[in-house]
Every structure is written in structure tokens, then in C-alpha cells.
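> Using only what follows, build the 3D model:
(2 chains)
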Amino acid sequence: MNERKTLYTRRDFFQTAFVVGAGVALPSFLSRPFVYADPEKTPIPGFPDDRILVMVQLSGGNDGLNTVVPYKNDDYYRARSQVLGLQKNQLTPLNDQLALHQSLEPFKKLYEEGKLAIINGVGYPNPNRSHFRSMDIWHTASDSEQYLHEGWIGRYLDCGCTSLPQNVCGVNIGPKLPLAFEGKLDRGVSFDNPTQFKWIEGAQGQADQQTTFRQLNKVGQTLSSANSTLDYLRTTTANAMVSSDQVVQVGKQKRVTEGYEGNRLGRDLKIVADLIIGRLPTRIYYVSFGGFDTHANQPNPHANLLKELGQSLTTFYNDLKKNNRSQEVLIVTFSEFGRRVRENGSRGTDHGTAGPMFILGDSVQAGFQTPYPSLTDLDRGGDLKFNVDFRSVYASILEDWFKTDSTKILGRSFLKLPVLNAR
Amino acid sequence: MSYLTPLPESSWDSVKSRHLLNRAGFGIPYSRSNELVRMGLSKAVSAFVDVQAVEDNFTDPSWVQEKFDADAIAMAAKLLGKDEGENLMKQARQEERQQIHQLQFWWLKRMTQTKRPLQEKMALFWHGHFATSAQKIKNASANYHLNQIFRKNGMGNFKTLVTQVGQSPAMLRYLDNMQNVKGKPNENWARELMELFTLGIGNYTEQDIKEAARAFTGWTQRNGEFFNNVRQHDFGPKTFLGRTGNFDGNQIIDILFEQKAVSEFLPKKLWEFFVHEEPSPALVAELSQVFRENQFEIAPLLRAIFLSNAFYSASAMKNQIKSPIQLLLGLFDGLELDFLNSSEEEEKQIRGRLLQLAMRQLGQELFFPPNVKGWPGNRAWINTNTILIRYNLSAFLVNGVQPQNPRRLELDEMIDSAEQERMNRRFEKIQNRAPFNAMAFFAPYEGFTLGEVIDFLTDRFLGQNLDHEQRNMLIQAFQVGSETTVLSLQSIPERHLRSVIHLTLSLAEYQLC
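A predicted model of the protein is given here:
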């Protein structure tokens, strides 16, 4: 076993930083000395250090009407008269008007314990029914006719981090950073597997190559090349090494857990839990979970997806609670649109408009935050009219959770929702 | 003329010929640099610019001949019963996606094999300039048709090119000109035509956009071809950039090409693409003079650029970050991988998917520019995530080690999870079969000293020297001796050979061209 440690474990790096001079290929955040006494609890200046956001994206357009079900409303059963109308034995009632799809039964306990807020009818004006376009709108918090290239999370990470940039401010579990993270600064990282977020050495355990790789690229050394592009590449490499070391270090910690199933969402959320509990200094996590585009033969697939959602999120929340971190975490789910009120002829539903969002955490104002959208007063396309602009939800998160000015990030002021308790 | 004064023939050398190869083409094949040196500057530049003198035989994708008619299929689907109709539509959508995927592969192959690299590089430039995305334009024929315009006319006349692009079905649909009709103008095409394609911001007003939009009403497509629908055309008078008349689309383009800005906008962008960022106003003025004097022909402008002193100046050398496409092509060439050809159909399919994933993660997927502004390029290619992906690409090609969890071949959210699972299982079967053949690669270096071998390799892959420390580290990676040790393939484990290559490709210098 090779004893040579890589020089750049986080602690080492911080310690060596104080003896290195100017013009060094150090990650840019070390240009000012670190002042925190406890490196274990390294907060990121500019961000409140006791709160984390976990965004869970449901890709494809989740059928909100069969997720949060107005089971006492005849119009629901009229619209879903053939196959999709959920009967009593397929529902988990939350109150005398609304029920959850039975697959989300694990949420009922969270609801009763006051940890779950449900926002109905979330959408935006002039809704777009294209997956890509509508998802871009949600990611960039744009108006329906605007095309923005930066994401709302990217803008927050740009604004929030006032002095010391950190590449692991945001983490996406997946191969590529979503548009939501695009910003002016390099503030988010994306990976499927935290232990693989690194320069990958050769196949047979050539861990010593890590050192060679860093030395070849002058990581930690004084930049003396006359080529500014080469310097830029080397600085980015050094930054990547710091982020990688942080992530790999935390990712390597073995934790005993129970309850996570081997499905996609369970796997991803377990990784997020590992990273949170392992104290990666990340403020925003993002996971995506696809398959919701149920145009045909919806009942079984939708039931399975919701089962995965309910089970994984609940396990995740309980895991955090068991490890005393649930107070710090806010979990938010969304989809790029809901689906049409009326079922189509293929035992499914087509692209629609407004849909529900689930907000989970110790600090939520539990319950239903908004009225259910009308099933009779529909828009010209026969789709639900939205009650809440999704940017109001973002504004609530930014202002009440992250304590930051949402206007700068969202472009204008949006009415907040009382989803969070003051903290 | 000072910047564009031609480099003297006597200054021509292998460093400069390499630079030309990297910029006027994709840097492949790397050995071409020697041939270019022998030709001399003028003939070398001509070899790139005078494409008509070079033969170019390449087969079209097979389905291009069978015009895939999405509308006919939609109608047929309606006539069939519900289930069969739904199935037909689903199949049609899958077929369309497959065709786009094939089109990506086809273009990559073209770039690898072409004898007209500048033509392909210009096609790539135009693809980013006149950006349309297959995310919106799902019809593969439309994408192919526009791609061919970029290829066939990309080094011809810019004004003609603008017209052809504006009349191509892909662009008509992408920028919504099909919805631009009399009484209900849609400004999207008119705006981007001025802002992004010809003049640049600040050289027109919002009112000009509105008037131009009216002039373009009626430009639409029918059956995959341009159709000028005069019934939808607004024949009324428009005032555009100070001129008044009952202009149509062609006349708007005429007026655009009378503007001073048009002679500067594109040349500046071409300089930034081929040479370096932020050319000085004086340099832009010289470029625009050449452009104007040649009636907006692109080839003479390119010739002037590639012959110029400024192109070969120190500030232009090795200061550009390779685009993802150039990186991929260079890896295949440098490692002697015939990655795009595989005898096994399954392996070919998997490699195709891997390429798609690589392009996507690196930020340049062919036919899917992120937005109408295309790809900014250079430093924009590089962030914490993409730089690791770039380094780890070589880990995969050289060592067969996966950069990412194969489960994540979620390339398209529309692929159902069953198909995805099938892909992942197939993927796992070919995992760890490294495409790179280390023994074959090193065979010609047998008998040379390790020092010499490293020098050959740094020249081959990097085109520049390393410092003493770096050179030493690479020599040490053989783990058999020192720089004077003679390379004997029998006595070196293959994994050490791979390490040497992998580490060479993991140098930041490899990202430069």
C-alpha cells in the first residue's frame, strides 16, 4: 500500500496555503487566508452555514392530478372516467378534500408530523408544453417568452458567495451540471459517484499516479509560464483537485444505513445523505428522477414512480433525522409541468400545465399552502390554470431559507408563500 | 497592412506548420505537419483553402434518400386504431432520434476522414454561428440539409450563405419564421439575423427589427423545401436602416450588406475562432478591408489570415483551448484508434452512445448547440467538471477505465427505462476493453532510448517541449530505468506503457492547440 499521501487533503492544503507566495497555481479561494478555527465546520462565507437545499427534479411532467387527488370532486372522476380515476382503495386521504396517490403513503406520516408542505397548482403565465423549453424556464426562472442562459441556482451561488469561491457550493448527482447551476462563476460540481469525482488513474490501483499527475500540472506551485491560457488550465486543475479531494474524502466514509432501496432515486439520495452527514460544505444539492412522461398506459408506471419517490424521500429524511441533520435540510420536489385534466385515449395523459410541489423539512409550515386549481375553470387548451407562480416558491426559499434578496436573483419581486417557519 | 502582411517563406518551419494544421483543420493527422513544412507556406495554406482542388468522396447517411416524412406518418397514425397509431408515432419518434444520432456519427467520421479539413472546420464554425438545435428541429433531413449548406457554401460568399441559411427549413422553423405572417409578425429570425449573424448589437434599432420581420413574412417551407408564401407576405412599405421601400426578405439582406458593420462583424468572429480573442480595432479594420475588397467571399479572407504574420505571432500560438470535437478527433488520431469503426455492431452502438455522452458532458454535442448563440468556446469549455472529464477521457481510451457510472447513460429522457437498462447491460459487457493497443503503438519506438521516446511523444501529442521536471516524470513512468535506457517492449509491462501515454495526455498542455 503506497504510503505517499496526496499533498492536498483539505487540511493539508489550508496549512500549506499560509507559506506560499503570490502567483501560485492555488485554487482561487485561497487567495485570502482562511480564518475559521474549526476546519471541520468550514462554512462558505456569504452563505448561512446551517442550512442546505435539496432539489428533486421529476423529469417528464408528473401528473399532479393523480399525485394529489381531489377525491371528493366529481369533476375529477368525470375527467378520468375510463382508467385513470383513482378509487378509494388507491388513495391515502390527507384531509376530507385531498388525498395522495396510495404510492405516496409514506408521506402521510410526515404530513401528520408537520414536516410536509404541499403547494398545489404551481405554474407560470403562458405555459410552455415542451419538455425542454419548460424545464429551461424552471431552471432559469425566466418568463415564458424569455430565453435566459443562467440558472437561478447559479445566480444565487454567484451572489451569495461574496469572498471565497468554492467549487462545491453546489452538487448535482449526475453526469452534467444542469442549466439551473449555470452562472458566471464555477460554483458547482457534478458527478454520479463521489469516489469517482477525480482524475482517474490507470486500471490497476496506481494511486501513486495521483501525485505525478498533480506535479506534472504544477498543482500548488508558483505559476511561471508566459502562457495565460496554460495558467488558466492549471488553476482550474488545481481547483478541481481541491473539490475532488473534498468530495472523495467524504464519499469514502462508509456509513451504515437502512431503508434505501436500490432504485435510482434511492441511490442518489443516499449519496446526498452521505455527503451531508460527511459534512461536505455544499449548500445546494440537486437530483433528477425521470420517466414521468406518461402518455400511454399510465397507471402502473406512475404508481411505481411515485412509490420510488415516496419511499426514497422518506428514507432520506429519516436518515438525516437520525443523524441530527434534518433541521438543516429543506427538500423540494418539482416537475416541469403537470398533465392534462382529461385522460387521453391511450390510458394516459398528455402534457399539461400546473402541478404540485412537495416541500419537506423540519422548518416547513406544514399542510396545503394554496387552493387546488379549479377543474372546471380551465385555460383555453383545457388545462389547469395555475395558482402560484413557481418563482414565488423560489422567492420563499431564497428569502426565508437562505435569507437573501430574491429580487436580484429572480429579476423582479415575487410574492412569497408562507412555506417556512421563521428561523 | 501590417498585421496581415504575409509571413516570409523563409520563416516557415515545423512549429508553424503544426500551428496551421491545428487551426485550419483539426490537427489530424498529426503527421501531416511534416508534409506541410516541405510544401512551403503558400502551398500549405493553399492545401487548406483551395478545397475545390481536392477530391472529396463521402457517402450520405443511408436514410437521406428515403425522405422521412413526419407529417405523412402523423396522418397515417390517425387513421390507424388508437394503439397502433400510438405505436407508429412512438416508432417514428425513435426513428427520428436514431437518425439524428447517425447524423452525429456521420459528421464525426467525415471530420476524421476528410481531405478538406478546413471545409469541415468551417462547417463546424457555421453550425455554431447559425445555430439550430435538433432538440427543436427533430427532423434529421432538415438538420442534414442545413449541414450540407455549411459544407458546400461555407467558404463561398457570405451574403449568399446568409440567404441560403435563412431559407433552409431548419432555420425557418428554429427561429419561428414559419409563424411570421402578415398581420402577425414574429421577430425572432429578423432579430437574430442582425444581432448574431451579420451586424452585432448596436448597429440597428428595435424598429429596424420590426420592419425587417414584416419583410420576411411569407418565407416558409413546404415538403422539406423553401417556399415563398406570397399570400402571407406583408407587401407594405418598410423603413429599414434608413431606407424605405416595399422590401422583401432578399432586399433586407441586400441592405444589410451595405452596412459598414457587416464587413467587420464576421471577420472579427473568424479571427477569434481561428487565432486569438479580442483582436485590436486596427486588425479588425484590416480584416474588414480584405472582406470588402473580395465582395464578402470567405475563402480569400481565410487565405489572408493563414498567410499573415499575426497568425504566426507568439501571442497566437498554443493559446487556444481545443474544442471538445477537436479534442476527441485528436485523441483518436494520436492514439491510432479507429474508434468510429467497429466490426461488432453492438460495440459500435455502445461507442456511439459513449461519444454522445462525451460530447454532452464536454459541452459540445453536434447538432445540439445549447442556444442560438452557439458555443462561445476557448475558456468557456473549461470548468471544474469539464476539465476532469477531458482528463478522464484519456483514462477510458487508454486504460478502458470508465469515467462515469455506466448506469448513467440517460442520454435522452424520452428513452424508456427498459431500453436504458438494455444499453447499460450491453455497456457492462464491453467495459474495460481498452480501445488503445499499447504494444502496437510503441512498436516503432523499440530500440530508442527512453529520453528519445518521450521527446517523440511530446512532439507527437503536444507539439511543444516540456520542462526538465515534467520530462523526467514521464521517463520515470516507464519504471525501467533512466533516459538513456533503451526501450525494449519485451521487458516492460504493458500497463507501464499505458501509464506513460495516459500521463502525457493528462498534461494541461494537451488541452492547448
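
> residues contacting the residue nearest to B:Trp375 when sequence neighbours are not counted?
Distances taken as C-beta to C-beta, 6 or more residues apart in numbering or on different chains put B:Gly128 closest to B:Trp375, at 4.7 Å, once the chain neighbours are dropped. For every residue, glycine as well, the C-beta is placed using N, CA and C. Residues near B:Gly128 by C-beta atoms under 8 Å, 6 or more residues apart in numbering or on different chains: B:369, B:374-375, B:377.

> do B:Thr449 as well
So B:Thr449 contacts B:483-487 (C-beta under 8 Å, 6+ apart).

> Buried ones among the residues you listed?
Buried members of the contacts of B:Thr449, scored by 16 or more other C-beta atoms under 10 Å in any protein chain shown, are B:483, B:485, B:487.

> So the last one versus B:Ala440, what's the distance?
Noted for B:Leu487: a distance of 14 Å to B:Ala440, by C-beta to C-beta, to the nearest Å.

> I'd like the mean pLDDT over the helix or strand encompassing B:Ala74, please.
If you go by DSSP states H and E, B:Ala74 is part of helix B:70-79. Per-region confidence: helix B:70-79 scores 74 on mean pLDDT.

> any low-confidence regions in the stretch 51-200 of chain A?
Applying pLDDT under 70 to the stretch 51-200 of chain A flags residues A:160-166.

> Up against chain B, what does it have?
Counting by C-beta under 8 Å from any C-beta of the partner chain, the positions of the stretch 51-200 of chain A adjacent to chain B are A:59-60, A:131-132, A:147, A:149, A:167, A:174-177, A:186, A:188-193, A:196-200.

> again, only this time at 10 Å
Residues of the stretch 51-200 of chain A lying close to chain B by C-beta under 10 Å from any C-beta of the partner chain are A:59-60, A:130-133, A:135-136, A:147-149, A:167-168, A:172-177, A:179, A:181-182, A:185-193, A:196-200.

> can you put the contacts of B:Gly128 in JSON lines and add pLDDT, secondary structure and neighbour count?
Shown next, in JSON lines, are the contacts of B:Gly128 (pLDDT from 0 to 100; DSSP: H, G, I helix; E, B strand; the rest coil; neighbours: other C-beta atoms under 10 Å in any protein chain shown):
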{"residue": "B:Pro369", "pLDDT": "95", "secondary structure": "coil", "neighbour count": "20"}
{"residue": "B:Gly374", "pLDDT": "94", "secondary structure": "coil", "neighbour count": "19"}
{"residue": "B:Trp375", "pLDDT": "96", "secondary structure": "coil", "neighbour count": "21"}
{"residue": "B:Gly377", "pLDDT": "91", "secondary structure": "coil", "neighbour count": "19"}
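
> and these, which two are the farthest apart?
Within these, B:Pro369 and B:Gly377 form the most distant pair, 11.3 Å apart (C-beta to C-beta).

> in stretch A:298-306, what counts as buried?
A:298, A:301-303, A:305-306.

> can you check stretch B:86-102 too?
In stretch B:86-102, counting by 16+ other C-beta under 10 Å, buried: B:86, B:88-89, B:92, B:96-97, B:99-102.

> Which helix or which strand is home to residue 239?
Defaulting to chain A. helix A:228-252.

> could you do chain B instead?
Using DSSP H and E, B:Thr239 falls in strand B:238-240.

> tell me the contacts of the spatially closest residue to A:Val83 that is not a sequence neighbour?
Residue nearest to A:Val83 in three dimensions, not counting chain neighbours: A:Arg347, with 4.7 Å by C-beta to C-beta, 6+ apart. Applying C-beta atoms under 10 Å, 6 or more residues apart in numbering or on different chains, we find A:Arg347 in contact with A:82-84, A:294-300, B:82-83, B:86.

> and which of the residues you listed is nearest to A:Arg339?
Nearest member of these to A:Arg339, counting by C-beta to C-beta, is A:Thr294, at 7.4 Å.

> how many other residues sit next to the closest one?
Neighbour count for A:Thr294, taken as other C-beta atoms under 10 Å in any protein chain shown: 24.

> buried set for stretch A:215-225?
Neighbour-count burial for stretch A:215-225 flags A:216-221, A:223 (criterion: 16+ other C-beta under 10 Å).

> From the buried ones among the contacts of B:Thr449, pick the one nearest B:Pro185.
Nearest to B:Pro185 among those is B:Leu487, at 69.8 Å by C-beta to C-beta.

> which residues touch the closest one?
For B:Leu487, the contact set (C-beta under 10 Å, 6+ apart) comprises B:442, B:445-450, B:452-453, B:478, B:480-481, B:497.

> re the thing from before, any idea which helix or strand comes after the helix holding A:Asn239?
Next along from helix A:228-252, by DSSP H and E: helix A:264-277.

> packing partners for that next one?
For helix A:264-277, the packing partners by 3 or more C-beta pairs under 10 Å, 6 or more residues apart in numbering or on different chains; DSSP states H and E come out as strand A:52-59, strand A:170-173, helix A:228-252, strand A:284-290, helix A:299-322, strand A:329-335.

> change it to 8 Å
Other helices and strands packing on helix A:264-277, by 3 or more C-beta pairs under 8 Å, 6 or more residues apart in numbering or on different chains; DSSP states H and E, are strand A:52-59, strand A:170-173, helix A:228-252, strand A:284-290, helix A:299-322.

> Show the buried residues in the contacts of B:Leu487.
Judged by 16+ other C-beta under 10 Å, buried ones among these: B:442, B:445, B:449-450, B:453, B:478, B:480, B:497.

> With secondary structure and pLDDT as added columns, please give these in JSON lines.
Shown next, in JSON lines, are the buried ones among the contacts of B:Leu487 (DSSP: H, G, I helix; E, B strand; the rest coil; pLDDT from 0 to 100):
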{"residue": "B:Phe442", "secondary structure": "helix", "pLDDT": "97"}
{"residue": "B:Tyr445", "secondary structure": "helix", "pLDDT": "96"}
{"residue": "B:Thr449", "secondary structure": "strand", "pLDDT": "97"}
{"residue": "B:Leu450", "secondary structure": "helix", "pLDDT": "97"}
{"residue": "B:Val453", "secondary structure": "helix", "pLDDT": "97"}
{"residue": "B:Phe478", "secondary structure": "coil", "pLDDT": "94"}
{"residue": "B:Val480", "secondary structure": "coil", "pLDDT": "91"}
{"residue": "B:Leu497", "secondary structure": "helix", "pLDDT": "94"}
